[in-house]
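Novice: A structural model of the following input is requested.
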Amino acid sequence: MYTDHHHSHRHGDRLADGRQHGQRRHHPDSAARPDGPGGHRTRGGRPHGAGRGRAQRGDVRTALLLLLAEEPMHGYQLMQAITERTSGAWRPSPGAVYPTLSQLEDEGLIDTVAQGGRKLATLTDAGQAYLQTHGETMPDPFGEFTARCGGGSALRGALEELRYPTRQLALGDPQQVQAARRVLAEARRALYLILAGAPTPDNEASEQ
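Specialist: Model prediction:
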């Protein structure tokens with residue numbers, strides 16, 4: 001079970017969240033995990049029953065998996081990373097992050113190791129395989145928050161979405177690396193055209 005000493009507090013035999021010592025903390029969505037084994041998702045990637053409340057608090061599970069695909073982090077670092085990537089629009093609480101990490105560890109998607117009084121979470125091979133299989137259908141956990149914060153944050157969110165595939169392609173064969181370099185070079189040229197005010201393919205199509 002994932003715990004971080006930085007956020008663990010006991011009062012007698014009862015923990016800070018009201019559980020008795022030794023009592024398992026339950027994931028709020030454990031009855032029907034949308035991404036876990038046996039879970040169900042809609043065709044568009046959103047979990048069945050996902051209502052407005054879930055959208056408002058964010059998809060913690062997906063956010064944690066994507067962040068851990070980039071590098072190992074402990075719980076507090078993950079909370080900071082989510083806050084930074086949404087320019088403060090989404091600030092997940094320890095009560096949302098740590099139970100989700102425990103659930104991911106139970107599923108074998110992450111592993112944890114004690115480090116400096118905290119537990120460092122690392123994506124396992126099973127976790128990497130899960131992202132490769134489901135990555136295209138998983139909703140962007142940061143997108144809806146960056147969209148609320150204006151164009152600058154939206155662009156930062158778009159750049160963040162490129163981090164996982166580019167990191168994976170960097171480990172690919174030479175042909176994949178070369179193809180990825182060509183795509184990035186074309187994107188760079190297109191951005192300079194936008195800065196120069198030159199027509200872009202999208203603008204030309206809209207004018208026709």
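Novice: which element follows the lowest-mean-pLDDT helix or strand in the chain toward the C-terminus?
Specialist: None of the helices or strands of the chain scores lower by mean pLDDT, DSSP states H and E than helix 52-57, at a mean of 40. Proceeding N to C from helix 52-57, the next assigned helix or strand is helix 60-70, under DSSP states H and E.
Novice: next secondary structure after that following helix?
Specialist: Sequence-wise, the next helix or strand downstream of helix 60-70 (DSSP H and E) is strand 73-74.
Novice: other SSEs contacting that following strand?
Specialist: strand 118-123 (3 or more CB pairs under 8 Å, 6 or more residues apart in numbering; DSSP states H and E). Quick note: C-beta positions are derived from backbone N, CA and C, even for glycine.
Novice: ok, 6 Å please
Specialist: Using 3 or more CB pairs under 6 Å, 6 or more residues apart in numbering; DSSP states H and E, no helix or strand is in contact with strand 73-74.
Novice: what is the mean pLDDT for the helix or strand that comes right after it?
Specialist: Sequence-wise, the next helix or strand downstream of strand 73-74 (DSSP H and E) is helix 75-85. Mean pLDDT, helix 75-85: 92.
Novice: can I get helix 75-85 as CSV, trimmed to CA atoms?
Specialist: This file holds the C-alpha atoms of helix 75-85, laid out as CSV (Å, rounded to 0.1, in the frame of the first residue of the first chain):
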residue,chain,number,x,y,z
GLY,A,75,3.5,11.7,-4.3
TYR,A,76,4.3,15.3,-3.5
GLN,A,77,6.2,15.7,-6.7
LEU,A,78,3.3,14.3,-8.7
MET,A,79,0.9,16.8,-7.1
GLN,A,80,3.3,19.6,-7.9
ALA,A,81,3.7,18.4,-11.5
ILE,A,82,-0.1,18.3,-12.0
THR,A,83,-0.5,21.8,-10.6
GLU,A,84,2.3,23.2,-12.7
ARG,A,85,1.0,21.7,-15.9
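Novice: show me what that helix is packed against.
Specialist: Using 3+ CB pairs under 6 Å, 6+ apart, the elements in contact with helix 75-85 are helix 60-70, helix 94-106.
Novice: and the longest one, what's buried?
Specialist: It stands for helix 94-106. For helix 94-106, a neighbour-count test (16 or more other CB atoms under 10 Å) marks Pro94, Ala96, Val97, Tyr98, Pro99, Thr100, Leu101, Ser102, Gln103, Leu104, Glu105 as buried.
Novice: I'd like the next helix or strand past that helix.
Specialist: Counting by DSSP H and E, what follows helix 94-106 is strand 110-115.
Novice: go through that next one and flag the buried ones.
Specialist: Result for strand 110-115 [16+ other CB under 10 Å]: buried residues Ile110, Asp111, Thr112.
Novice: next: stretch 74-83.
Specialist: Neighbour counts over stretch 74-83 (16+ other CB under 10 Å) mark His74, Gly75, Leu78, Met79, Ala81, Ile82 as buried.
Novice: quick one: which of the buried residues of helix 94-106 is nearest Asp173?
Specialist: Closest to Asp173 out of those is Leu104 (29.8 Å), distances taken as CB to CB.
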